[in-house]
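Participant: Give me the fold of what follows.
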Amino acid sequence: MPADNQKKHDAILEEAKRFREKCITVNAENRRLAVDDLTFLSGKHWDSRDAALREKEGRPVLTIDKLSTFVRQIKNDQRINKPSIKVHPVDDESDPETAKVRQGMIRYIEYSSNASIAYDTAIGCASETGLGYFRIITDYESEDSFDVVPRFVRIRNPLTVHFDPDSIEGDGSDARKVLVEERLGVTEFCSKYPESEIAKTRKTTGNAARDDMDDILVAEYIRVEDDPDELILLSNGEKGWKSDLLALPPDLTIVNTRKSARRTVRNYKIAGKCVGDDGADFGEVIEEADVPCKWIPVFPVYGNEIDIEG
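Facilitator: Sure thing, here's the model as predicted:
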């Protein structure tokens with residue numbers, strides 16, 4: 001790998017590690033309460049010490065679940081009244097027929113990728129823990145196709161998402177960084193990413209039994225990247241970036257300029273060892289690619305928001 005790329009990757013890995021630590025620190029109380037909520041919903045209403053003491057004394061340890069009824073009611077209402085994306089022409093210059101075509105394309109994408117399941121899962125998680133997520137990815141249409149299509153993907157465990165703590169918009173459109181992680185056994189990781197440095201190191205050591213005692217943390221670190229540039233407006237009404245202007249035609253003049261930035265979204269798939277319960281030691285960028293979108297395509301679904309002194 002060229003030295004410049006290695007230097008950039010090292011910076012990305014360090015940034016991702018700091019971002020993850022910040023998210024865990026900021027959301028520590030929310031994450032703790034979310035686990036408590038899920039534990040309670042699973043039927044574990046008693047503290048283990050209190051339950052053991054009552055059993056020792058021969059006293060009953062009753063569990064009367066009244067909460068799940070209300071959670072199921074929210075989930076069932078969601079399944080009956082399914083949300084869907086609607087395209088509207090916004091002004092006199094918009095073409096209603098074009099809006100209908102785009103509406104049909106979006107409905108096909110929702111149908112072909114089971115978007116309703118992604119919506120149901122996100123709202124279900126929000127009803128249980130106050131927060132859920134779903135996302136959109138791009139993938140090949142089939143194993144024998146070169147066509148890339150967007151797909152809705154559900155996120156079953158919202159605690160695997162570290163969303164930008166500085167985001168305040170309800171749809172997360174102002175998020176600058178998001179990290180989505182999963183834990184893989186070493187054997188599974190090496191099978192999935194055989195060209196990674198971790199897989200090559202394991203082949204060299206050959207200690208599979210010891211390796212499988214640990215997990216590998218794989219994360220998609222998605223971030224907004226801004227490239228500073230100057231926006232220009234020409235006398236014929238066209239606008240563009242000054243860096244793209246090779247030569248100005250003699251019949252045109254620049255009538256306005258302002259400093260701006262080219263916005264891109266980039267996805268870095270990174271991997272490293274799990275450290276303790278919440279720590280991560282990212283050591284390698286496995287893949288990287290531009291995301292064909294102006295925003296990070298991971299969408300929060302909030303339940304009840306309570307802001308206590310920020």
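
Participant: Shouldn't residue 290 be within a strand?
Facilitator: Yes. When classified by DSSP: H, G, I helix; E, B strand; the rest coil, residue 290 is found to be part of a strand.

Participant: Surely it is in contact with residue 263?
Facilitator: No. The criterion here is CB atoms under 8 Å, and residue 290 misses it with residue 263 at 11.4 Å. (C-beta placed from N, C-alpha, C; glycine too.)

Participant: Any stretches of the protein with poor pLDDT?
Facilitator: The chain contains residues with pLDDT under 70 at 1-3, 203-214.

Participant: Kindly indicate whether residue 125 is helix, strand or coil.
Facilitator: Once three-state DSSP is applied, residue 125 turns out helix.

Participant: now do the one 10 residues further on
Facilitator: Following three-state DSSP, the label given to residue 135 is strand.

Participant: residue contacts, it?
Facilitator: 118, 152-153, 155, 180, 297-299 (CB atoms under 8 Å, 6 or more residues apart in numbering).

Participant: Which two among those are spaced furthest apart?
Facilitator: Across those, the longest distance by CB to CB is 14.4 Å; it joins 152 and 180.

Participant: longest single helix anywhere in this structure?
Facilitator: If you go by DSSP state H, the chain has its longest helix at helix 3-26.

Participant: Quick check: buried residues in it?
Facilitator: 9, 12-13, 16-17, 19-20, 23 (16 or more other CB atoms under 10 Å).

Participant: Any chance you could give me that helix in PDB, C-alpha atoms only?
Facilitator: Extracted C-alpha coordinates of helix 3-26, given in PDB (Å, rounded to 0.1, in the frame of the first residue of the first chain):
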ATOM      1  CA  ALA A   3       2.600   5.500   2.100                       C
ATOM      2  CA  ASP A   4      -0.100   8.200   1.700                       C
ATOM      3  CA  ASN A   5      -2.900   5.700   1.800                       C
ATOM      4  CA  GLN A   6      -1.500   4.000   4.800                       C
ATOM      5  CA  LYS A   7      -1.200   7.300   6.600                       C
ATOM      6  CA  LYS A   8      -4.800   8.100   5.700                       C
ATOM      7  CA  HIS A   9      -6.000   4.700   6.900                       C
ATOM      8  CA  ASP A  10      -4.200   5.000  10.200                       C
ATOM      9  CA  ALA A  11      -5.900   8.400  10.700                       C
ATOM     10  CA  ILE A  12      -9.300   6.900   9.900                       C
ATOM     11  CA  LEU A  13      -8.800   4.000  12.300                       C
ATOM     12  CA  GLU A  14      -7.800   6.300  15.100                       C
ATOM     13  CA  GLU A  15     -10.700   8.700  14.300                       C
ATOM     14  CA  ALA A  16     -13.200   5.700  14.300                       C
ATOM     15  CA  LYS A  17     -11.900   4.500  17.600                       C
ATOM     16  CA  ARG A  18     -12.300   8.000  19.200                       C
ATOM     17  CA  PHE A  19     -15.700   8.400  17.700                       C
ATOM     18  CA  ARG A  20     -16.900   5.000  19.100                       C
ATOM     19  CA  GLU A  21     -15.600   5.800  22.500                       C
ATOM     20  CA  LYS A  22     -17.300   9.200  22.500                       C
ATOM     21  CA  CYS A  23     -20.600   7.600  21.500                       C
ATOM     22  CA  ILE A  24     -20.400   5.000  24.200                       C
ATOM     23  CA  THR A  25     -19.600   7.700  26.800                       C
ATOM     24  CA  VAL A  26     -22.400  10.000  25.700                       C
END
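
Participant: Can you tell me what sits against that helix?
Facilitator: Helix 3-26 is contacted from outside by 1, 31, 162-163, 165, 177, 179, 181, 219, 221, 268, 270, 272, 278, 280-285, using CB under 8 Å, 6+ apart.

Participant: mind listing the helices for the stretch 1-150 of the chain?
Facilitator: Listed in chain order, the helices of the stretch 1-150 of the chain (DSSP state H, counting those that start in this stretch) span 3-26, 28-41, 48-56, 67-80, 96-112, 115-129.

Participant: any idea which of those helices is most buried?
Facilitator: helix 115-129 (a mean of 21; mean count of other CB atoms under 10 Å).
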